[in-house]
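Colleague: Sequence plus the predicted model coming up.
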Amino acid sequence: MTFQALSIKPDGTRTLQSMAMGTMLSTKGANADVCTFGDTSPNVVGKIYRDAFRKRFSANPQLIERIIILSRQSHELRKALPFCGWPDRLLLAGQAKTSADFAAQFTGFTMDRFPATTSLMELIGVRRARLRLTPRDSVNIAIMLAEQLNKLHQHPLHFVFGDLSPNNVLVSGDFARVLFIDADAFQFSTTVKGRIYTFANDGTTPSYTSPYAIARTEASQLPKEHDLFVLAILIFQILMADRGFLKCHPFSSGTVEENERIKARQFPYGDPTRYPVSAAARKAYESLPSELREAFTDVFMHHRVLTADAWIALLSKHRRCLHGLK
């Protein structure tokens, strides 16, 4: 298949080129596949939306407007926040002379390729993926995750990740880089030619949500506190995986769904007599420094918002202990 790749600069200048699909790299995404192109740089890949998801574009033009705005600013965004997979050129299945044509022909976008990476989900849940991973690497990954989320929040477009989950976080093969994908679904606000655009996140991944997301009304914006709540979930899982407990979720206890416990702020490790967890997992959790355990309890049970900077300070302060050093 050959696409028409549309590049739009911030000043509105447009260029069009043909790009032929190469090989399919991934078909695991919920709404899209990732492919290479046979006639361009191997460092460029395409995110191709599936037909079921594309049907939403005509009914909800904002879905495309969001990607167009990010595409127009891709050069600046890739410099300011290089750890995100930003939409670059827009991919059309055919010619588009009108807005209706554009919605019908819009298929996806190009973005930078992040080669030789592993999803955070694998690193916290698959033993073979952790063979070279050390406690030192794990703490560094947790700190980088917090640092980059902080940069995302501080950007002038006021980004909120929204669908922050281990599936949407990649880690480089040397564990030195943490990368964010699914940037086309980020929440943000901006003004273009005097018009204010506000884009909300469409949804979150089950078990990687927050009381803020569960309580919101449809299409309303998420506060940054949502990302910070999920950040705490990811840090918990990273540290527990280092202690041998893979896929250990902080709100998993009994047969109650994790989302229900999140909504009710029932943190089993903060109240194990009421919400039981295995004795071994509880012992592993209690081996964490008390300040970290208090932070998890405050965030998960007591409505305290712990900033990314606060997590960075805590993890840095207790780095030696988390490395297994005295």
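Modeller: Alright, I've got the coordinates.
Colleague: from here on, contacts and neighbour counts on C-alpha atoms
Modeller: Will do.
Colleague: At which residues are the helices of this structure located?
Modeller: Listed in chain order, the helices found in the chain under DSSP state H are 51-59, 62-72, 74-80, 99-105, 120-125, 135-154, 211-215, 224-242, 258-264, 279-286, 290-301, 308-317, 319-322.
Colleague: Adding distance to Ser7, mean pLDDT and mean neighbour count as columns, could you present those in JSON lines?
Modeller: Formatted as JSON lines, these follow (distance: least, C-alpha to C-alpha, whole Å; pLDDT from 0 to 100; neighbours: other C-alpha atoms under 10 Å):
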{"stretch": "helix 51-59", "distance to Ser7": "19", "mean pLDDT": "83", "mean neighbour count": "14"}
{"stretch": "helix 62-72", "distance to Ser7": "8", "mean pLDDT": "91", "mean neighbour count": "20"}
{"stretch": "helix 74-80", "distance to Ser7": "10", "mean pLDDT": "96", "mean neighbour count": "16"}
{"stretch": "helix 99-105", "distance to Ser7": "14", "mean pLDDT": "81", "mean neighbour count": "16"}
{"stretch": "helix 120-125", "distance to Ser7": "32", "mean pLDDT": "97", "mean neighbour count": "22"}
{"stretch": "helix 135-154", "distance to Ser7": "24", "mean pLDDT": "97", "mean neighbour count": "19"}
{"stretch": "helix 211-215", "distance to Ser7": "34", "mean pLDDT": "92", "mean neighbour count": "17"}
{"stretch": "helix 224-242", "distance to Ser7": "31", "mean pLDDT": "97", "mean neighbour count": "23"}
{"stretch": "helix 258-264", "distance to Ser7": "40", "mean pLDDT": "96", "mean neighbour count": "18"}
{"stretch": "helix 279-286", "distance to Ser7": "50", "mean pLDDT": "96", "mean neighbour count": "14"}
{"stretch": "helix 290-301", "distance to Ser7": "43", "mean pLDDT": "97", "mean neighbour count": "18"}
{"stretch": "helix 308-317", "distance to Ser7": "35", "mean pLDDT": "96", "mean neighbour count": "16"}
{"stretch": "helix 319-322", "distance to Ser7": "45", "mean pLDDT": "85", "mean neighbour count": "16"}
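Colleague: of those helices, which approaches Arg195 most closely?
Modeller: Closest approach to Arg195 among the helices of the chain (C-alpha to C-alpha): helix 62-72, 12.1 Å.
Colleague: Could you tell me the angle between the direction of that closest one and that of helix 51-59?
Modeller: Helix 62-72 and helix 51-59 meet at an angle of 90 degrees, taking axes from the mean of the first three to the mean of the last three C-alpha atoms, to 10 degrees as the criterion.
Colleague: would you put the C-alpha positions of helix 62-72 in PDB?
Modeller: Presented in PDB, the C-alpha positions along helix 62-72 are these (Å, rounded to 0.1, in the frame of the first residue of the first chain):
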ATOM      1  CA  GLN A  62     -11.300  16.600  17.200                       C
ATOM      2  CA  LEU A  63      -9.500  13.300  17.000                       C
ATOM      3  CA  ILE A  64      -7.800  14.400  13.800                       C
ATOM      4  CA  GLU A  65      -7.400  18.100  14.900                       C
ATOM      5  CA  ARG A  66      -5.300  16.900  17.800                       C
ATOM      6  CA  ILE A  67      -3.000  15.000  15.600                       C
ATOM      7  CA  ILE A  68      -2.700  17.800  13.000                       C
ATOM      8  CA  ILE A  69      -1.700  20.300  15.700                       C
ATOM      9  CA  LEU A  70       0.900  17.900  17.100                       C
ATOM     10  CA  SER A  71       2.200  17.200  13.600                       C
ATOM     11  CA  ARG A  72       2.600  21.000  12.900                       C
END
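Colleague: Packing partners of that helix?
Modeller: Here helix 62-72 touches strand 2-8, helix 51-59, going by 3 or more C-alpha pairs under 8 Å, 6 or more residues apart in numbering; DSSP states H and E.
Colleague: what about it, distance to the chain center?
Modeller: Counting by C-alpha atoms, centre = their mean, to the nearest Å, helix 62-72 is centred 18 Å from the centre of its parent chain.
Colleague: Likewise for stretch 2-20?
Modeller: On C-alpha atoms, centre = their mean, the centre of stretch 2-20 falls 27 Å from that of its chain.
Colleague: distance between the ends of it?
Modeller: With C-alpha to C-alpha, to the nearest Å as the measure, the ends of stretch 2-20 fall 4 Å from one another.
Colleague: swap in stretch 266-283?
Modeller: 19 Å.
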